[in-house]
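Peer 1: sharing a model that was predicted from the sequence below.
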Amino acid sequence: MSATNPTPAGMTDAFAQFRGTMPVEQRLRIDVERLAKYLSGRIPAFAALRVSQFKGGQSNPTYLLEADEKRYVLRRKPPGKLLPSAHAVEREYRIMTALAGSSVPVARTWCLCEDPQVIGTEFFLMDHVDGNVYWDPTLPTLDPPRRRALWLEVNRVIAELHRVDYRAAGLGDYGRSGNYIQRQIERWTRQYRSSETERIEAMDNLIAWLPQNVPPGEETTIVHGDYRIDNLIFDRAAPRVLAVLDWELSTLGHPLADFAYHLMAWRLSPGQFRGMHGEDLAALGIPGEAEYIERYCERTGRARIEHVDFYVAYNMFRLAAILQGIARRALDGTAANARAVETGKRARPTAEAGWALAERIPRAGA
């Protein structure tokens, strides 16, 4: 939710469209006077309220609120018809509030408004955290030692999240325990079918294959659900995460499924979905996948991770379902920004990558 380092001279900034703010789109306009009246008494007093819209993000429209010298961020549900259980800003508010003061850095939350009469949909308000957001996982603006340090910090923070005592944090009822992956496959299959715009054979294959090949073993932790480098705000001066963003898909679930979601960065190419497969990671200073997994295991007390390929294939299926939902919202006119059509088109290659990986996993008894 803040600008990254400037792009070096001669380097094309392919992610400039995601950075900074812009005037609020007409269809996402809010009544600033009514909002200011609602916020009066809920946040420190202000004499004026200025509102702009963040360029990044696909799901929940996100706004920068400037009140005198203070800055806040407002996250709202988009207007229009929404998929069941999607855009859960109230869950984002709850978990961020619960994690305040924990080992997982989050922005301070101020209030949750569930009255759609205020701005048209439910929303919550949090502090604006000033720092760098990196959209390109190869971190082209940084030198190799800094790239390595940042990625190891990404690793540290997700390990800390999976170590949080969710019951002590008041989140014992934040999700169901057990059978998480099976339930997620069913959920995202429903979401995918409800937003399907064309037949994708790879998705049909994954929908049939995944439930029959879920690895044994149950674990339950808090899971972020969308943990990737562009959902983190970094300190400008040090390799330190200041805040984890976008908790919309968070719940209680299997930590290895959550970890493998951002492990897709090592498996997908830049053209598929912000991946870095095919890049010379050693030259860039970025840890290879094997080392990255090893560091996570050290931090969470594991000897190793079994069935990594399954967890990654499952996440490619899940990501493809999310991208298909964006494609549907683009057609319905409820997407959070104008890039939704292009983003939605990535559902097919992501599903195809997932099925290609699944086909390489040895079958039981083979």
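Peer 2: Thanks, I have it.
Peer 1: list the contacts for the nearest residue to Ala88 once chain neighbours are set aside?
Peer 2: Closest residue in space to Ala88, ignoring its immediate chain neighbours: Glu248 at 5.6 Å, by Cβ to Cβ, 6 or more residues apart in numbering. Glycine gets a C-beta too; all of them are placed from N, C-alpha and C. By Cβ atoms under 8 Å, 6 or more residues apart in numbering, the contact set of Glu248 is 59-60, 86-89, 91-92, 225-226.
Peer 1: try Phe46
Peer 2: Applying Cβ under 8 Å, 6+ apart to Phe46 gives the contacts 36, 67-68, 70.
Peer 1: 7 Å instead, please
Peer 2: Neighbouring residues of Phe46 by Cβ atoms under 7 Å, 6 or more residues apart in numbering: 67-68, 70.
Peer 1: which single one of these is nearest to Arg147?
Peer 2: Nearest to Arg147, judged by Cβ to Cβ, of those is Lys70 at 33.3 Å.
Peer 1: show the model's pLDDT score for that closest one.
Peer 2: With respect to pLDDT, Lys70 scores 92.
Peer 1: for Phe46, see how far away it is.
Peer 2: 7 Å (Cβ to Cβ, to the nearest Å).
Peer 1: what about the strands in the stretch 151-300 of the chain?
Peer 2: 221-223, 232-234, 241-244, 251-253 (DSSP state E, counting those that start in this stretch).
Peer 1: can you list those strands in CSV and add mean pLDDT and distance to Ala260?
Peer 2: Formatted as CSV, these follow (pLDDT from 0 to 100; distance: least, Cβ to Cβ, whole Å):
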stretch, mean pLDDT, distance to Ala260
strand 221-223, 97, 11
strand 232-234, 97, 17
strand 241-244, 98, 17
strand 251-253, 96, 12
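Peer 1: hmm, His224 is touching Gly253, no?
Peer 2: No. Using Cβ atoms under 7 Å, His224 makes no contact with Gly253, being 9.6 Å away.
Peer 1: thinking again about what came up before, most surrounded residue in the contacts of Glu248?
Peer 2: In terms of neighbour count, Ser59 stands highest of the contacts of Glu248 at 25 neighbours, by other Cβ atoms under 10 Å.
Peer 1: name the nearest residue to Gly271, sequence neighbours excluded.
Peer 2: Pro349 (7.8 Å).
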